[in-house]
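Student: attaching a predicted model along with its sequence, questions to come.
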Amino acid sequence: MPIRLSLGHIDVYDDRTATFAHQLGLTGVQFHTPNLLPGENGHWSLEELRALRERCDRDGLRIDGLENVPLAHFWKVQRGLPGRDEQIENYFRTIRNMAAVGIDMLGYNWLPTFVWRTDMDVAGRGGAKVTAFDLAEIGAGNALASYRLSPTEPLAEPISVDRMWANHQYFLDAVLPVAEEAGVRLALHPDDPPVDEPLGGAARIFNTPAALAAAHKQAKASPAWGLDFCLGSVSEMGGEDAVNEVIDTLGPVGAIAYVHFRDVQGTVPSFRECFLGEGNYNPARVIRRLHEVGFDGFMIDDHVPAVIGDPDTWMDISSDAYCSRGRAHALGYLQGVLNGLGLD
Ligand SMILES: O=C(O)C(=O)C[C@H](O)[C@H](O)CO
């Protein structure tokens, strides 16, 4: 299949979201801890996954993937706490239930204290609302702390770099055989922000292109593991050079599962989000390079700048805020690039 675009990072799915996808000419959707999957028993049940699948079938939209099980399903696994084996058993259930309804991609992250920003309301181009991170400002805490995927409980004790790697290995060793058998692929989101310093007490380990290649080694090149290639997070590591390094190491071995398409200006320790085309990398060059190494998966929009008339960026998960002008701009931009490269 050629590289394709999906409407991505959808939290709240309803008629409005489905209409937005159709109006933008998209045929696939990708979900981000969706409202339609409460997962109240510690896993995503067959019934709720089937209902989501049937809903999208009725809407004429393919489900390209799911990302991030609810925090309550996963926090002990990430932190390596007693009780993680029970959560891993439940993760098996989620994987098998996804397979049973024909959904074969599951994104995850290795961020016990989730994504951090130090400002959720910076004026980007023309005053568009964007988010920013500055390591010098972390003393004030995470400006994303009230986001529903940020943990409400602080860490009981700090988690070191070594523990983070060991916990990830433990998770992969348990889960990949089940994922392989089920035919579901797990996709790791890079750290955002990719700093060396711990944030909220948890070390950050997937913060360089080399660390992402090391994750591939931890997965022992399993076909059930890939990178959720967040271009924004990798751009935060080192701009287009870092993006190219990831494409060149993980692309040819088929380890790029799918792509989050957003960008930033600046790199760690300080960056801010921006529109496509004014960030650290050239989107057309990146897509051409992905194509040249054989990437043929899907790409999604991610969080986007809020332009005039848009209620918010990613803090507001309502479908009103989600179906925004900023998002339409990002997707239209990417459609134009794919068309110009002859890849649509
Ligand atoms: O920080 C980013 O770039 C994200 O896309 C954050 C998302 O919530 C992502 O799903 C983290 O796993």
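Tutor: Nice, I can see it. These figures come from a predicted structure and were not determined experimentally.
Student: what does the stretch 1-150 of the chain put close to the ligand?
Tutor: Residues of the stretch 1-150 of the chain that fall close to the ligand, judged by C-beta under 6 Å from any ligand atom: His32, Glu67, Asn68, Gly107, Asn109, Val115, Leu149. Using the backbone N, CA and C atoms, a C-beta is placed for each residue, glycine as well.
Student: let's have those in JSON lines, adding distance to Asn41.
Tutor: Below are those laid out as JSON lines (distance: C-beta to C-beta, whole Å):
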{"residue": "His32", "distance to Asn41": "21"}
{"residue": "Glu67", "distance to Asn41": "20"}
{"residue": "Asn68", "distance to Asn41": "18"}
{"residue": "Gly107", "distance to Asn41": "21"}
{"residue": "Asn109", "distance to Asn41": "22"}
{"residue": "Val115", "distance to Asn41": "27"}
{"residue": "Leu149", "distance to Asn41": "19"}
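Student: ok, and the most crowded of these?
Tutor: Gly107 (28 neighbours; other C-beta atoms under 10 Å).
Student: what about that one, which helix or strand?
Tutor: strand 105-109 (DSSP states H and E).
Student: for stretch 145-163, what is the distance to the chain centroid?
Tutor: Counting by C-alpha atoms, centre = their mean, to the nearest Å, stretch 145-163 is centred 18 Å from the centre of its parent chain.
Student: repeat that for stretch 246-258.
Tutor: Counting by C-alpha atoms, centre = their mean, stretch 246-258 is centred 16 Å from the centre of its parent chain.
Student: kindly report the same for stretch 188-202.
Tutor: Chain-centre distance of stretch 188-202: 14 Å, with C-alpha atoms, centre = their mean.
Student: that stretch spans what distance, first to last residue?
Tutor: End-to-end distance of stretch 188-202 (C-alpha to C-alpha, to the nearest Å): 17 Å.
Student: between strand 105-109 and whichever helix or strand Ala242 is part of, find me the angle.
Tutor: Assigned by DSSP H and E, Ala242 belongs to helix 231-250. Orientation check (axes from the mean of the first three to the mean of the last three C-alpha atoms, to 10 degrees): helix 231-250 against strand 105-109 gives 110 degrees.
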